[in-house]
Each structure stands twice: as structure tokens, then as C-alpha cells.
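Q: sharing a sequence plus its predicted fold:
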Amino acid sequence: MKIILTNIRETPRNLMRKLGYAEHVDRRSREFSYVRRLEREFYPRFHAYIQEAAGELVINLHLDMKQPSYAGSHAHSGEYDGPRLDEERVRILNIIGK
């Protein structure tokens, strides 16, 4: 799910922290993203990648249900749309006042 934000006056890092997301760096790929846990355990979790372009901030959001099944794999059980992601989108928009 993509959430496109305009007229954001905060840095992406500060905005994501305000939204309750923690910085996450994949140990293998060194890819930088943000995560927000739904429970005490590490999974399930919301996982967001950020892109900045032409005055917009794009949050590419999905829900990781579990870790990759086998070594060397990046594939995992995840959701890319559905009610939980819709609720998270509404929560994000409410916090930033959109």
C-alpha cells in the first residue's frame, strides 16, 4: 500500500518516529526502512519504505507476518492490502492531520 504525503515540514525520520515507527536496517542488504510492531513479539509488524520525490513523501507500507522461511531468502509471509493496512493508513493520516 502506498501512502503519498505532500507539504510535510518534518524530516522523514522525525515523521516516522512521530508515527511510532523505529528505524530498521537489514543486516544482509543494509537496506534502510522503518517498522512498527503490533504485539510484543517482533512479528507481525508494519514495515515501511520511504521515498522522497518532487515535494512528496511516499510511504510504501506492508505487513510482515513472519520472518523469512529459510536462510538466504528475503521472501516472507506478508500482506500488501486489506483491513489492517487500511486502518494503519487512517491512523497515519489522522496523526499528521490529513
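A: That came through fine.

Q: contacting residues around the lowest-mean-pLDDT helix or strand in the chain?
A: Among the helical and strand segments of the chain, the one scoring lowest on mean pLDDT, DSSP states H and E is strand 78-79, with a mean of 85. Strand 78-79 has contacts (Cβ atoms under 8 Å, 6 or more residues apart in numbering) with 47, 62-65, 85. Heads up, the C-betas are built off the backbone N, CA and C, glycines and all.

Q: the same query, at a cut-off of 6 Å, please.
A: When contacts are defined by Cβ atoms under 6 Å, 6 or more residues apart in numbering, strand 78-79 is touched by residues 62-65.

Q: so how do I select the buried members of those residues in ChimeraX?
A: Selecting the buried subset of the contacts of strand 78-79 in ChimeraX, with 16 or more other Cβ atoms under 10 Å as the burial test, is done by:
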select :62,63,64
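
Q: now intersect the contacts of strand 78-79 with the strands, please.
A: Judged by DSSP state E, the contacts of strand 78-79 include 62-64 as members of strands.

Q: nearest to residue 29 among those?
A: Minimum separation from residue 29 among those (Cβ to Cβ) is found for residue 64, which lies at 14.9 Å.

Q: may I have the beta-bridge partners of that closest one?
A: According to DSSP bridges, the partner residues bridging residue 64 are residue 45, residue 78.
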